[in-house]
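*Asks:* Here's my sequence, what's the structure:
(chains A and B)
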Amino acid sequence: MVTHSQQPPRDLPALTHEEILRYSRHLILPDVGVEGQRKLKAARVLLIGAGGLGSPLALYLSAAGVGHIGLVDFDIVDVTNLQRQVLHGTSDVGTSKLVSARKRIAEVNPHVELTTYDVPLTSENALGIFKDYDIVVDGTDNFPTRYLVNDACVLLGIPNVYGSIYRFEGQSSVFATKDGPCYRCLYPEPPPPGLVPSCAEGGVLGVLPGLVGTLQATETIKLILGIGESLAGRLLLIDTLGATFRTVKVRKDPNCPACGTRTLTTLIDYEQFCGSPHVGGDPKVSFNIPEITPIDAAARLAKGEIDIIDVREPHELEIAQYPKVTAVPLGLLAAQIAALPRDRDLVLACRTGARSAKAVQQLQAAGFTRVWNLAGGIHRWIDEVDPTQPKY
Amino acid sequence: MPATLFLPAILAKLADAKQLEVTGATVGELVADVSARYPALEPRLRDASGEPYPYVTFYLNDEDIRFHGGFAATVNDGDELTVVPAIAGG
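*Replies:* The predicted structure follows:
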């Protein structure tokens, strides 16, 4: 049995009659009982992100009676979030996720004390925010924040309940327990920017964050109660299409700079560590890449002066189209470079401009000089040139 | 030694399969075998010098090969090699 020994001893708060009735199904569980429910009420859990993973986490941990929940997010509810972010509703579109979360959590369980942090998590503020919590739950959507959360948890000795998702697959573990491994033991360094698409770029099955987030909520509750076998030291791999769950071992790396040698004694610049000039999951890459606006591109296209190369995937072309394009999915660009004309002005285009920026870089590296990125992709094209088509 | 390679969806599309039979005496040889058959997969499994990346973890059965000699880890008949790249979605 793994117990959460980092949590300082604290007088457990009493339960009111209303709480006793509300948590009845916990109280009659032998491994929870009144004492367990009082531990939940005393617990302070910080959720990083109020998105796909943060939604089930906030809902279930609130419903379960975790007494104090902290929530870090600075995003606004977008209509494309609603397919999976069940903390937010249609009427919340355009409002702060924290405002939406506060409203929903109060409805789920008014006994929860909620602290919101409407800021991006940074090396400057992370330790100050984390120090007031017993457990941190990582529901972010990008590598820099994941390494930041890990390192801050290791430095403070706070368990980090990890979950991440991609398309139909997910991972979960518990890092930074007293003698357990950390995220850096599993992945010593992040992939180069752009190698792993974000959910915004690659898509995600809506129920997947529900599945992974509820597993994280379960691990969080187990840590608070000190029951069961924690995922600390194991990585749970979830494949929804194969309908398989399997666990593999995560060993504590004696050479890990965070939890092994402990040479990492302060938080670093995680944007630089991850090599990315942006925060968030949908990079708007425009650094040193020539761009053309949709209006200029449409005018030049009408005169036959440019060719548009659409680097989106075939299933995306069915949703919204550019006129007169050559379709070459980004993954096949390298194989088809020889067939592209070097004596024409080429405009690379995608959904929002991120993938096409990579395509421009790829063509530049292959010696093309007459290449531009279509700024804002088909989203901006629809805003400025052809509003008859749907955005996705 | 014959072994089974399990690929996550992000890599499976490069080999047209989530599960492949591969052969080799070490993990490095298994990776070389599948790389020869699916060249598009190779740069996702090992770097230009033939070494594993720090953001792609290989599990031989349920053990991280980093703690068992990396690509030199010995493969036994029927072993399972699972590739687990870092993902960050949330």
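*Asks:* other SSEs contacting the one helix or strand in chain B whose mean pLDDT sits lowest?
*Replies:* The helix or strand of chain B with the poorest confidence is helix B:9-15; it has a mean of 89 (mean pLDDT, DSSP states H and E). Helix B:9-15 sits against helix B:42-45, strand B:80-85, with contacts defined as 3 or more CB pairs under 8 Å, 6 or more residues apart in numbering or on different chains; DSSP states H and E. Just so you know, the C-beta spots here come from the backbone N, C-alpha and C atoms, and that holds for glycine as well.
*Asks:* next one: it to chain centre, how far?
*Replies:* 12 Å (CA atoms, centre = their mean, to the nearest Å).
*Asks:* Over to stretch A:324-339?
*Replies:* Distance, centroid of stretch A:324-339 to centroid of chain: 30 Å (CA atoms, centre = their mean).
*Asks:* residues making contact with it?
*Replies:* Under the criterion CB atoms under 8 Å, 6 or more residues apart in numbering or on different chains, residues A:301, A:307-314, A:317, A:340, A:349-350, A:355, A:358-359, A:362-363, A:366 lie in contact with stretch A:324-339.
*Asks:* So which of those are in helices?
*Replies:* Secondary structure assignment by DSSP state H places A:301, A:314, A:317, A:355, A:358, A:359, A:362, A:363 of the contacts of stretch A:324-339 in helices.
*Asks:* After the least confident helix or strand of chain B, which helix or strand is next?
*Replies:* Per DSSP states H and E, the first helix or strand lying C-terminal to helix B:9-15 is strand B:19-23.
*Asks:* Go through the strand or helix carrying residue A:382 and flag the buried ones.
*Replies:* Using DSSP H and E, residue A:382 sits in helix A:377-384. Neighbour counts over helix A:377-384 (16 or more other CB atoms under 10 Å in any protein chain shown) mark A:377, A:378, A:379, A:380, A:381, A:382, A:384 as buried.
*Asks:* Now do the same contact list for the residue nearest to the fifth one when sequence neighbours are not counted.
*Replies:* Right, the one you point to is residue A:381. Sequence neighbours aside, residue A:294 is the residue nearest to residue A:381 in space, at 4.4 Å (criterion: CB to CB, 6 or more residues apart in numbering or on different chains). Taking CB under 8 Å, 6+ apart, we find residue A:294 in contact with A:374, A:375, A:376, A:380, A:381, A:383, A:384, A:385.
*Asks:* Export these as TSV, with columns for distance to residue A:332 and pLDDT.
*Replies:* Compiled in TSV, the contacts of residue A:294 are given as follows (distance: CB to CB, whole Å; pLDDT from 0 to 100):
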residue	distance to residue A:332	pLDDT
A:374	19	97
A:375	23	95
A:376	23	95
A:380	24	96
A:381	22	97
A:383	28	96
A:384	28	96
A:385	26	96
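*Asks:* now those residues in TSV, with distance to residue A:60?
*Replies:* Shown next, in TSV, are the contacts of residue A:294 (distance: CB to CB, whole Å):
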residue	distance to residue A:60
A:374	42
A:375	41
A:376	37
A:380	38
A:381	40
A:383	38
A:384	42
A:385	44
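*Asks:* Pick the one among these closest to chain B.
*Replies:* residue A:376 (22.6 Å; CB to the nearest CB).
*Asks:* Count the neighbours of the closest residue to that closest one other than its chain neighbours for me.
*Replies:* With sequence-adjacent residues excluded and distances taken as CB to CB, 6+ apart, residue A:376 is closest to residue A:353, at 5.2 Å. Residue A:353 has 25 neighbours, counted by other CB atoms under 10 Å in any protein chain shown.
*Asks:* do you know how far residue A:353 is from residue A:319?
*Replies:* Noted for residue A:353: a distance of 17 Å to residue A:319, by CB to CB, to the nearest Å.
*Asks:* what ranges do the strands span in chain A?
*Replies:* Taking DSSP state E as the test, the strands found in chain A are A:44-48, A:68-72, A:113-117, A:135-138, A:160-166, A:169-175, A:234-239, A:244-249, A:291-292, A:306-310, A:325-327, A:345-349, A:371-374.
*Asks:* Near chain A, which residues of chain B are found?
*Replies:* Along chain B, the residues adjacent to chain A under the rule CB under 8 Å from any CB of the partner chain are B:8-10, B:18, B:53-57, B:59, B:62-64, B:66-67, B:82, B:84-90.
*Asks:* And those, which of them are buried?
*Replies:* When the residues of chain B next to chain A are checked for burial by 16+ other CB under 10 Å, the buried set is B:8-10, B:18, B:53, B:55-57, B:59, B:64, B:66, B:82, B:84-90.
*Asks:* so what's residue 24 scoring on pLDDT?
*Replies:* I'll assume chain A. Residue A:24 carries a pLDDT value of 98.
*Asks:* was after chain B, sorry
*Replies:* 97.
*Asks:* in terms of contact, does it touch residue B:2 like I think?
*Replies:* No - using CB atoms under 8 Å, residue B:24 is not in contact with residue B:2; the gap is 9.0 Å.
*Asks:* hang on, the earlier thing: in TSV, list the strands of chain A along with distance to residue A:82 and mean neighbour count.
*Replies:* Output for the strands of chain A, formatted as TSV (distance: least, CB to CB, whole Å; neighbours: other CB atoms under 10 Å in any protein chain shown):
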stretch	distance to residue A:82	mean neighbour count
strand A:44-48	19	26
strand A:68-72	18	23
strand A:113-117	20	15
strand A:135-138	22	28
strand A:160-166	17	29
strand A:169-175	20	27
strand A:234-239	23	20
strand A:244-249	27	15
strand A:291-292	31	18
strand A:306-310	27	22
strand A:325-327	29	16
strand A:345-349	27	24
strand A:371-374	27	25
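*Asks:* Quick one: the helices and strands packed on helix B:9-15 as a markdown table, columns for mean pLDDT too.
*Replies:* Shown next, in a markdown table, are the helices and strands packed on helix B:9-15 (pLDDT from 0 to 100):
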| stretch | mean pLDDT |
| --- | --- |
| helix B:42-45 | 94 |
| strand B:80-85 | 96 |
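*Asks:* tell me the contacts of whichever residue of the stretch 201-350 of chain A sits closest to chain B?
*Replies:* Among the residues of the stretch 201-350 of chain A, residue A:248 lies nearest to chain B; the distance is 4.3 Å by CB to the nearest CB. Counting by CB under 8 Å, 6+ apart, residue A:248 touches A:234, A:235, A:237, B:59, B:62, B:63, B:64, B:82, B:84.
*Asks:* Tell me what it is bridged to.
*Replies:* residue A:235 (DSSP bridges).
*Asks:* Check what pLDDT it gets.
*Replies:* 96.
*Asks:* got it, and residue A:201?
*Replies:* At residue A:201, pLDDT is 76.
*Asks:* Would you mind confirming that it is in contact with residue A:355?
*Replies:* Yes - the pair residue A:201 / residue A:355 is scored as a contact, 6.7 Å apart, by CB under 8 Å.
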